[in-house]
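Colleague: this is a predicted model, with the sequence first.
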Amino acid sequence: MSDIKKVVVLGTGVLGSQIAFQSAYAGFHVTAYDVDDAALARAEERFAGLAKTYLAEVPGADEAATAAALANLSYSADLAQAVDDADLVIEAVPEILELKRTTYRKLGAVAPQKTIFATNSSTLLPSDIVDATGRPDRFLAMHFANQIWRANTAEIMGTTLTSPAVFDTVVQYAQEMGMVPIPIHKEKAGYVLNSLLVPFLGAALELAAGEYAAPEDVDKTWRIATGSPLGPFQFYDIIGMNTPYNIMAGGDADAQKLAAWLKKNYIDQGKLGIASGEGFYKYS
Ligand code: NAD
C-alpha cells in the first residue's frame, strides 16, 4: 500500500475529471479543484456523465460502485482549503507553460510539506516546471491517456531531482487507482506512447499523402502483417485530425507538408474522424 489517502486534482476539464473520478472509483477521497464555482458545476456534470459511462463500459461497475465514487468526490475553488492535508496533488490545468508555473508557485506556498505534486502534462517536461514547485524532490509527471477507464496506462517520469521513494509511491498509487504504471527512467518528451505513436502516424501519412498506397491498404497491411487490431488511419479517426495536425504543423518542412495535406483533404472538408461521422472511414 502507498501512503496516499487524500488526493486533489487541479483542473477538472477533459482529463482532470477522468483522473478525479477514476481515483474516487478506486476508493480514494478526492477533492476536485477548479478556478470558480461555474467550473466546478461543469465538473459535477462531467462526473455524472462518467458515472453513466462506467456503468455502460467498465466490467463489474454497478450503481453502488458509481454512487460510492461520486460520494468520494468533494469540490473546492479555494486552493489552500483544497490541498489542506493532501498527500498527492495531480495537476491537469491547461497545457500552457506559464499557467502551469504560476499554478505551482501558488500551490507550493499553501500545500503541506508532505504533499507530492504530479503533472499530467502531455508535451512539457517536468524539468520545465520543477523550479516553480518549491519541492523538487516531491515533483514528477504522471501522464494518463484519454478514456482512462479503458486506456489505463499511467506513464510516470521524474526529473533528476525526484526522490526515488516519491517515484515508487506514485507507481504504487497508480496501481491502487486501477492503472498500469509505466515507469520512465529518464525525461523523454512524448513519454513512451507518443514517442512511438507520433512517428508511426507520420509514416502512415507519408504513404498516403505521397500516393504510395491508399489509407485502407496501409491499415490492412499493418493489421494482417503484425496481428494488430487497428491500423494507423483507424487511430487517426479515433484521435481526431486536429491534434495530429497541430503536432505536424509545428514540425519541420516535411511535417508541415503532411499537415497541409491533412488539412486540405480532411479537416477543411469536415472529415475530422469518428467524432464528425467521417475521417479516413465513414461511420454511421
Ligand atoms: P481542459 O481544457 O479540458 O481542462 C482544463 C481545466 O483546468 C478546466 O476545467 C479549467 O477551468 C481548469 N483551469 C484553468 N486554469 C486553472 C488553474 N489556474 N487552476 C486550476 N484549474 C484551472 O484540458 P485537458 O484536455 O483536460 O488537459 C489538461 C492537462 O492534461 C494538460 O496538461 C494536457 O496536456 C493533459 N492531457 C490531456 C489529454 C487529453 O486527451 N485531453 C491527455 C493526456 C494529458
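Modeller: That came through fine. Numbers count the residues shown, from 1 in each chain.
Colleague: residues from the stretch 101-250 of the chain in reach of the ligand?
Modeller: Within the stretch 101-250 of the chain, the positions adjacent to the ligand are 103, 120-122, 144, 146 by Cβ under 6 Å from any ligand atom. Just so you know, the C-beta spots here come from the backbone N, C-alpha and C atoms, and that holds for glycine as well.
Colleague: just those residues: which are in helices?
Modeller: residue 103 (DSSP state H).
Colleague: domain parsing of this structure, as residue ranges.
Modeller: 6-184, 195-275 (automatic domain parsing).
Colleague: nearest to residue 281 among those domains would be which one?
Modeller: domain 195-275 (5.8 Å; Cβ to Cβ).
Colleague: who are the contact partners of the residue of the stretch 1-150 of the chain found nearest the ligand?
Modeller: Relative to the ligand, the nearest point of the stretch 1-150 of the chain is residue 13 (1.7 Å; Cβ to the nearest ligand atom). By Cβ atoms under 8 Å, 6 or more residues apart in numbering, residue 13 lies in contact with 92, 94.
Colleague: ok, so what distance separates it from residue 93?
Modeller: Distance, residue 13 to residue 93, using Cβ to Cβ, to the nearest Å: 8 Å.
Colleague: quick check: residue 141 is in a strand.
Modeller: Yes. The assignment for residue 141 by DSSP: H, G, I helix; E, B strand; the rest coil puts it in a strand.
Colleague: the strands in this protein, which residues?
Modeller: 6-10, 29-33, 73-76, 88-91, 116-119, 139-144, 153-158, 180-184 (DSSP state E).
Colleague: using JSON lines, lay out those together with mean neighbour count and mean pLDDT.
Modeller: Converted to JSON lines, those look like this (neighbours: other Cβ atoms under 10 Å; pLDDT from 0 to 100):
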{"stretch": "strand 6-10", "mean neighbour count": "25", "mean pLDDT": "98"}
{"stretch": "strand 29-33", "mean neighbour count": "25", "mean pLDDT": "98"}
{"stretch": "strand 73-76", "mean neighbour count": "18", "mean pLDDT": "98"}
{"stretch": "strand 88-91", "mean neighbour count": "26", "mean pLDDT": "98"}
{"stretch": "strand 116-119", "mean neighbour count": "28", "mean pLDDT": "98"}
{"stretch": "strand 139-144", "mean neighbour count": "26", "mean pLDDT": "98"}
{"stretch": "strand 153-158", "mean neighbour count": "23", "mean pLDDT": "98"}
{"stretch": "strand 180-184", "mean neighbour count": "16", "mean pLDDT": "98"}
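Colleague: output those as CSV; include the columns distance to residue 278.
Modeller: Output for those, formatted as CSV (distance: least, Cβ to Cβ, whole Å):
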stretch, distance to residue 278
strand 6-10, 34
strand 29-33, 35
strand 73-76, 37
strand 88-91, 35
strand 116-119, 35
strand 139-144, 28
strand 153-158, 29
strand 180-184, 33
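Colleague: pretty sure residue 162 contacts residue 135?
Modeller: No. With contact defined as Cβ atoms under 8 Å, residue 162 does not count as touching residue 135 (10.2 Å).
Colleague: higher neighbour count, the two?
Modeller: Taking neighbours as other Cβ atoms under 10 Å, residue 162 and residue 135 compare with residue 162 leading, 23 against 19.
Colleague: and the lowest-mean-pLDDT helix or strand in the chain, what does it pack against?
Modeller: In the chain, no helix or strand scores lower on mean pLDDT, DSSP states H and E than helix 242-249, which sits at a mean of 89. Judged by 3 or more Cβ pairs under 8 Å, 6 or more residues apart in numbering; DSSP states H and E, helix 242-249 is in contact with helix 193-209, helix 253-265.
Colleague: tally up the residues packed near the closest residue to residue 215 other than its chain neighbours, please.
Modeller: Of all residues not flanking residue 215 in the chain, residue 233 sits nearest, at 4.1 Å (Cβ to Cβ, 6 or more residues apart in numbering). Neighbours of residue 233 under the rule other Cβ under 10 Å: 24.
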